[in-house]
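Engineer: Need coordinates for the following:
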Amino acid sequence: MPRSEQRRSVAERFSLEARRFAAWADGSAAPPPLRAPIALRRVVALYAAALDLPQPWSEHVSHRREGEFDLSQRLAAVRERAAALPLQHYSEIFSPLVPADEPVVGDLADDLVDIYRDIATGLHLFDAGRIDDALWEWGFNFQAHWGEHASSAIRALHCYLAREDPSGLSSNT
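Structural biologist: As a prediction, this is how the structure comes out:
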């Protein structure tokens with residue numbers, strides 16, 4: 001399979017999970033309030049799908065920024081929906097590789113909004129037929145930004161569910 005077809009196939013697979021996450025987070029697919037077990041599953045599925053993305057750099061990326069699109073209403077919807085989660089703030093170490101003297105406070109709503117922003121930007125590029133640009137956007141930001149938010153959210157949600165709602169970790173929810 002030629003390289004361009006391989007990249008398109010990877011982008012199509014990732015875009016499916018990105019759309020699931022986006023529709024869940026902004027409420028376009030599931031208007032009921034967000035629940036912690038489902039939040040954990042959606043973020044884990046997106047993170048796992050990102051592990052199959054190619055390295056973020058590409059000689060084919062255009063980096064052109066024509067017609068930036070406005071995400072403000074959708075980001076507000078994500079933040080409002082995330083406020084329904086029983087966990088909002090959590091403690092974490094900024095970098096486990098270089099521990100700080102003091103933990104910092106993480107914000108689950110901020111995590112979900114930042115993940116959404118980076119994923120939606122890539123979906124916008126993908127839908128415009130800019131496959132390499134979408135892959136770069138998703139892959140680079142996974143490595144540099146939204147991957148950190150996702151891994152922090154995963155840990156916080158796991159700890160919350162393990163302590164407060166162990167049934168939320170079972171496959172039946």
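
Engineer: which residues in this protein form strands?
Structural biologist: 89-92, 104-107 (DSSP state E).

Engineer: Is it possible to get TSV of those that adds distance to residue 69?
Structural biologist: C-beta here means a position set from N, CA and C on the backbone, and glycine is covered the same way. Below are these laid out as TSV (distance: least, C-beta to C-beta, whole Å):
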stretch	distance to residue 69
strand 89-92	30
strand 104-107	25
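
Engineer: Would you mind putting those strands into TSV with mean pLDDT, distance to residue 156 and mean neighbour count alongside?
Structural biologist: Output for these, formatted as TSV (pLDDT from 0 to 100; distance: least, C-beta to C-beta, whole Å; neighbours: other C-beta atoms under 10 Å):
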stretch	mean pLDDT	distance to residue 156	mean neighbour count
strand 89-92	88	4	14
strand 104-107	88	6	15
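
Engineer: So residue 156 sits against residue 106, correct?
Structural biologist: Yes - the criterion here is C-beta atoms under 8 Å, and residue 156 meets it with residue 106 at 6.2 Å.

Engineer: Find the residues that touch each one of the two.
Structural biologist: Each of 90, 92 lies in contact with both residue 156 and residue 106 under the rule C-beta atoms under 8 Å, 6 or more residues apart in numbering.

Engineer: Residue 53 against residue 142, yeah?
Structural biologist: Yes - look at residue 53 against residue 142 with C-beta under 8 Å: they come within range, at 6.4 Å.

Engineer: quick one: which of these two has more around it?
Structural biologist: Shown here are residue 53 and residue 142; by other C-beta atoms under 10 Å, residue 142 has more neighbours (24 against 21).

Engineer: Need the pLDDT of the more buried one.
Structural biologist: Residue 142 is assigned 96 on the pLDDT scale.
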